[in-house]
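Q: sequence first, then the predicted structure:
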Amino acid sequence: MRWAKLVGLLGSPIFVVLGILSGFPLHAQEPGKPPVSSTIPFQLRAGFLVVVNGQIGDLEGLKFIVDTGASFTFIDRKVADRLKLPRRPGKTTNFDREVPVEWAVVPNLRVGPVRAGAMRVMVAKLGEYSEFAEDVDGIIGLDVLGRSEKISIDYEMRTMSWEMARELDGRRPSAAYFSIPFVVQGFPMHLILDTGFQGILLYKDRLRKGLPDLQTSGKPSEVDFGRLQTTQVKLPGVRLAGQETIATVFLTDGPDSGGLPGVDGYLGISALKAKRVEFDFAARLLRWE
């Protein structure tokens with residue numbers, strides 16, 4: 001079963017520039033104010049999910065999935081129950097449809113060097129969306145990750161490094177999501193770069209609208225990932241910051257009209273075949289090697 005995506009959009013996307021990590025200059029810091037750096041270990045589950053330890057209130061040793069495809073942070077319902085948090089109803093987008101969730105305010109949250117005071121989070125029974133989430137306590141989204149200047153995920157060493165500004169720059173807008181240019185048979189698309197997803201997912205209505213004569217290779221097959229129904233196909237003429245290739249992708253219905261504007265699907269980190277990925281929030285760049 002594949003991880004099911006829960007994502008709520010915060011605002012404008014970050015359209016990142018693609019490139020090799022070693023080939024980019026680092027973001028220049030203000031003289032005399034070097035960033036605060038910290039490195040923590042993580043568990044790699046199912047070959048793609050990054051799981052780190054964290055704390056909410058007095059609850060220590062909690063397990064969180066790091067998810068750059070989720071705009072908001074989630075906690076599992078069992079954690080909210082232990083903290084006796086008041087909640088109110090809400091909803092969010094799960095790939096192709098809206099699903100009910102709850103909202104709550106946690107007293108404080110700690111992950112790596114990030115220390116967040118009272119903040120609003122979503123509450124859901126995460127095990128209902130994926131077997132991978134049955135024993136995790138929450139999902140760390142971009143509302144927390146984006147408080148850093150930069151984060152780097154080293155999949156070989158299984159470490160996650162953070163750079164935090166000594167003074168939070170209130171002028172920088174909150175990160176909504178990283179949007180990656182992706183071309184299919186000459187048709188440009190934009191995909192959310194997602195550490196919480198394993199492959200390539202495209203919204204088929206947007207793809208076929210731009211490519212009414214879409215070419216595929218081989219026989220399509222139906223694949224269900226929990227609540228998500230997809231069609232697996234091979235697409236020739238796919239380009240992601242390099243030469244054209246044939247890619248295996250999953251097609252699913254897009255959200256209702258007006259949902260996820262400017263987003264045509266999701267790109268898992270595994271599709272980059274990267275050993276290390278760096279999300280530079282300050283410079284608004286993505287780097288990998």
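A: Structure's in. What do you need? Numbers count the residues shown, from 1 in each chain.
Q: can you pull out the low-pLDDT segments for the stretch 51-200 of the chain?
A: Filtered on pLDDT under 70, the stretch 51-200 of the chain yields the residue ranges 92-99, 166-176.
Q: mind listing the strands for it?
A: Counting by DSSP state E, counting those that start in this stretch, one finds strands in the stretch 51-200 of the chain at the ranges 59-66, 74-76, 88-94, 97-106, 109-111, 114-116, 119-124, 138-140, 150-154, 159-164, 178-184, 187-194, 200-203.
Q: hang on, residue 120 packs against residue 102?
A: No: if you go by CB atoms under 8 Å, residue 120 and residue 102 don't touch, sitting 11.1 Å apart. No exception for glycine: its C-beta is placed from N, CA and C like everyone else's.
Q: show me the helices in this structure, by range?
A: 77-83, 142-145, 204-210 (DSSP state H).
Q: just give the closest residue to residue 204, not the sequence neighbours.
A: Once flanking residues are discounted, residue 204 sits nearest to residue 251: 3.9 Å by CB to CB, 6 or more residues apart in numbering.
Q: for that neighbour, list each beta-bridge partner.
A: residue 202, residue 231 (DSSP bridges).
Q: list the contacts for it?
A: 201-204, 207, 230-233 (CB atoms under 8 Å, 6 or more residues apart in numbering).
Q: buried members of those residues into PyMOL, please.
A: Selection of buried members from these for PyMOL, criterion 16 or more other CB atoms under 10 Å:
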select buried, resi 201+202+203+204+207+230+233
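Q: can you lay out the contacts of residue 251 as CSV showing pLDDT?
A: Output for those, formatted as CSV (pLDDT from 0 to 100):
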residue, pLDDT
201, 92
202, 95
203, 92
204, 90
207, 93
230, 88
231, 92
232, 94
233, 95
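Q: which two from the contacts of residue 251 end up farthest apart in space?
A: 203 and 232 (14.8 Å; CB to CB).
Q: winner for burial among the helices of the chain?
A: Ranked by mean neighbour count, these are led by helix 142-145 with a mean of 23 (mean count of other CB atoms under 10 Å).
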